[in-house]
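K.L.:
generate coordinates for the sequence data below:
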Amino acid sequence: MIEKEYKLSGTNKKAIEKVLFDENLHYLHMVFNKGEGLPEHFSNSNVYMTVIRGRLSIGLDEQEIHEYEAGTLLKIPFQTKMNVRNVHDETLELIVVKAPAPKS
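P.N.:
Numbers count the residues shown, from 1 in each chain. Below is the predicted model:
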């Protein structure tokens, strides 16, 4: 078999799944309920964030918080301060791709 198969969970509970981590990219699946999110941090690579369901509330660097609905893809540059939250009742589900893969 040439291909390698990876599965995403179908959970509604908070999850940060490291689906694929190799030398080329990092592929993560994230699920957040209301009030959940990531600690504020700086991106360690170029980040491509796809909203699968729910609404993403995100603050980047010093700009105000913007909201993005399902079906939106964001491209976030390397070394951008990120504040990722779900402030809504609906579950937030994201796919996050980091490319190139962070070195550390």
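
K.L.:
now Tyr68: phi and psi?
P.N.:
phi -130, psi 140 (degrees, to the nearest 10).

K.L.:
show me what contacts the closest residue in space to it that isn't next to it in sequence?
P.N.:
Excluding the flanking residues, the one nearest Tyr68 by C-beta to C-beta, 6 or more residues apart in numbering is Leu56, at 4.6 Å. To be clear about C-beta, it is placed using only N, CA and C from the backbone, and glycine gets the same treatment. With C-beta atoms under 8 Å, 6 or more residues apart in numbering as the criterion, the residues that contact Leu56 are Met49, Glu67, Tyr68, Glu69, Thr72, Leu74, Val84, Asn86, Leu92, Leu94.

K.L.:
how far is the host helix or strand of Leu56 from where the chain is centred?
P.N.:
According to DSSP states H and E, Leu56 maps onto strand 55-60. Relative to the mean C-alpha coordinate of its chain, strand 55-60 is positioned 10 Å out (C-alpha atoms, centre = their mean, to the nearest Å).

K.L.:
what's around Gly59, how many residues?
P.N.:
The local packing of Gly59 (other C-beta atoms under 10 Å) involves 15 other residues.

K.L.:
please identify the helix or strand for the nearest residue to it once chain neighbours are set aside.
P.N.:
Take Gly59 and drop its neighbours on the chain: the residue closest to it by C-beta to C-beta, 6+ apart is Asn83, 3.9 Å away. Asn83 belongs to strand 81-85 when assigned by DSSP H and E.

K.L.:
so that strand versus strand 55-60, what angle?
P.N.:
Angle of strand 81-85 versus strand 55-60, following axes from the mean of the first three to the mean of the last three C-alpha atoms, to 10 degrees, is 160 degrees.

K.L.:
for the record, mean pLDDT for strand 81-85?
P.N.:
Across strand 81-85, the average pLDDT comes to 98.

K.L.:
tell me which other helices or strands it touches.
P.N.:
Contact partners of strand 81-85 among helices and strands, from 3 or more C-beta pairs under 8 Å, 6 or more residues apart in numbering; DSSP states H and E: strand 41-42, strand 55-60.
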